[in-house]
Structures are given as structure tokens and as C-alpha cells.
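Colleague: Any chance you can model this:
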Amino acid sequence: MAYNQIYKPEDCHGINDIRTEIDHIDYAVIQLLSARFEYVKAASKFKMNAKDVQANERFNSMLEKRKQWADEQGLNGDVIKSLFCELVKYFIAEELKEFEQK
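Modeller: I've put the predicted structure just below:
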């Protein structure tokens, strides 16, 4: 799951080096999202009902925290918040499926 950087951005020799690095980063992000999803599925066994799965207060506070983290990294916090909103909505829907199978 680790990203093994070959070139720093300023050391890339051309567009192919840049694209290769971006591909490696994207692959690492996808691996991490997959790992995150495994925790989401595991969480369903600790929840008693669909309301626990949806956990609106937790959902909203999590989104604000991701926005803050993005802002701290110099990213557009609103974009990252939106990205996580869609991602977590999907994870919640999948977790609800897991929960219903219990």
C-alpha cells in the first residue's frame, strides 16, 4: 500500500515520468480506499441498526475533518469534502447491505 516515489516532481525528465508517478500515486490511493472499505465492512458487526450504520452526526463531523485536513495540505477543502461525501455514501450503502445480511 505504500507509494514508492521514483522522482520528485521537480526531478521528472518529461511528461512520461510525471504520468508514471501520478499512476503510482493513484494506485496507492485505490489500495488505501480498498483497505478503508474492509474496515467499513467490519464495522457493521458492531452496529445494532441502520441508524447506527448511517450515523449522521459522525458522517458530518468526518466530512468536516477531511475538509480541514485538505485545507491544511493546501488543497481545496470543499472539493475533498465532496469527494469524501460521495465515497462514504457509497460505503454506507455497502455497509447497509452487509448489515442486512446479519
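Colleague: where exactly do the helices run in the chain?
Modeller: 15-43, 50-54, 56-72, 77-100 (DSSP state H).
Colleague: P9: which of these is closest?
Modeller: helix 15-43 (7.3 Å; CB to CB). (C-beta placed from N, C-alpha, C; glycine too.)
Colleague: Which residues are in contact with the residue nearest to the spatial centre of the chain?
Modeller: When CA atoms, centre = their mean is applied to the chain, the residue found nearest the centroid is L33 (5.1 Å). Each residue near L33 by CB atoms under 8 Å, 6 or more residues apart in numbering is listed here: L87.
Colleague: confidence score at it?
Modeller: Per-residue pLDDT puts L33 at 96.
Colleague: cool, the one 5 residues further on as well?
Modeller: Confidence per residue is given as pLDDT, and for E38 that number is 92.
Colleague: May I ask which helix or strand of the chain has the lowest mean pLDDT?
Modeller: Lowest mean confidence among the helices and strands of the chain (mean pLDDT, DSSP states H and E): helix 50-54, at a mean of 82.
Colleague: Put the alpha carbons of that one into PDB.
Modeller: The C-alpha trace of helix 50-54 is given here as PDB (Å, rounded to 0.1, in the frame of the first residue of the first chain):
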ATOM      1  CA  ALA A  50     -29.500   1.000  10.200                       C
ATOM      2  CA  LYS A  51     -29.400   4.300  12.100                       C
ATOM      3  CA  ASP A  52     -26.100   3.200  13.600                       C
ATOM      4  CA  VAL A  53     -24.800   2.400  10.100                       C
ATOM      5  CA  GLN A  54     -25.800   5.800   8.800                       C
END
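Colleague: okay if I get the helices of the chain as JSON lines plus distance to Q5?
Modeller: Shown next, in JSON lines, are the helices of the chain (distance: least, CB to CB, whole Å):
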{"stretch": "helix 15-43", "distance to Q5": "7"}
{"stretch": "helix 50-54", "distance to Q5": "37"}
{"stretch": "helix 56-72", "distance to Q5": "21"}
{"stretch": "helix 77-100", "distance to Q5": "21"}
